[in-house]
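Undergrad: my questions concern the predicted model and sequence given below.
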Amino acid sequence: MTTRLNPYIIFPHSAEDALQLYQRVFGGTVTITHFSQYGLADTPDADKVMHGQLETPTGFTLMCGDTPTGMAYEPGRNMAISLSGNEPEQLRAWFEALADGGQVAVPLEKQLWGDEFGQVIDRFGVVWVVDIHDDAASAHEGVDDSEM
């Protein structure tokens, strides 16, 4: 069982470019999933990054995505702390504890990529995203973009 904590950066529509820069700076492997890969090919979000991830040789992970249509991009509030893994009971408990006195922005529930996902803003204004991996689906990990 594995649980991770890492930064998650939200971009207006430049996540892919940012990942290319961070890969040049830190090295490592980039994976990218676009909204078009989940049935949204005929939408304005089709070429936006739904989820991008850089795994560096030094062991840290940086995650990011583009702001989908209908959600506001808020500079200064475009970062979150991501808790992810395959320990559902622990991750659900953390989600509930962080929501206590805070605000649930996205309920923790099954998403189209197969994982349970939710977002909470704790009572101090810190944004947290929780992703409980569905190991059977494993679609969350994205698509290897070896041309980057």
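TA: Looks like it came in fine.

Undergrad: strand partners of the helix or strand that contains Ala80, parallel vs antiparallel please.
TA: Ala80 belongs to strand 79-85 when assigned by DSSP states H and E. Paired strands of strand 79-85, with direction, are strand 3-11 (antiparallel), strand 127-132 (parallel) (DSSP bridges).

Undergrad: and Glu16, what does it touch?
TA: Contact analysis of Glu16 by CB atoms under 8 Å, 6 or more residues apart in numbering lists Ile32, Val49, Gly52. Yep, even glycine has a C-beta here, placed from its N, CA and C like the rest.

Undergrad: any weak-confidence spans in this structure?
TA: Within the chain, the stretches with pLDDT under 70 are 1, 136-148.

Undergrad: what sits against Asp47?
TA: For Asp47, the contact set (CB under 8 Å, 6+ apart) comprises His34, Phe35, Ser36.

Undergrad: does the closest residue to the second one other than its chain neighbours belong to a helix, a strand or coil?
TA: Closest residue to Phe35 in three dimensions, ignoring its sequence neighbours and counting by CB to CB, 6 or more residues apart in numbering: Asp45, at 4.2 Å. The local conformation at Asp45, judged by DSSP: H, G, I helix; E, B strand; the rest coil, is coil.

Undergrad: isn't Asp45 right next to Thr67, touching?
TA: No. If you go by CB atoms under 8 Å, Asp45 and Thr67 don't touch, sitting 9.1 Å apart.

Undergrad: how close does the residue sitting furthest away from the middle of the chain get to Val120?
TA: Farthest-out residue of the chain from its mean C-alpha position, per CA atoms, centre = their mean: Gly101, at 23.4 Å. Remark: distance between Gly101 and Val120 (CB to CB, to the nearest Å) = 10 Å.

Undergrad: quick one: what helix or strand has the residue farthest from the centre of the chain in it?
TA: Using DSSP H and E, no helix or strand contains Gly101.
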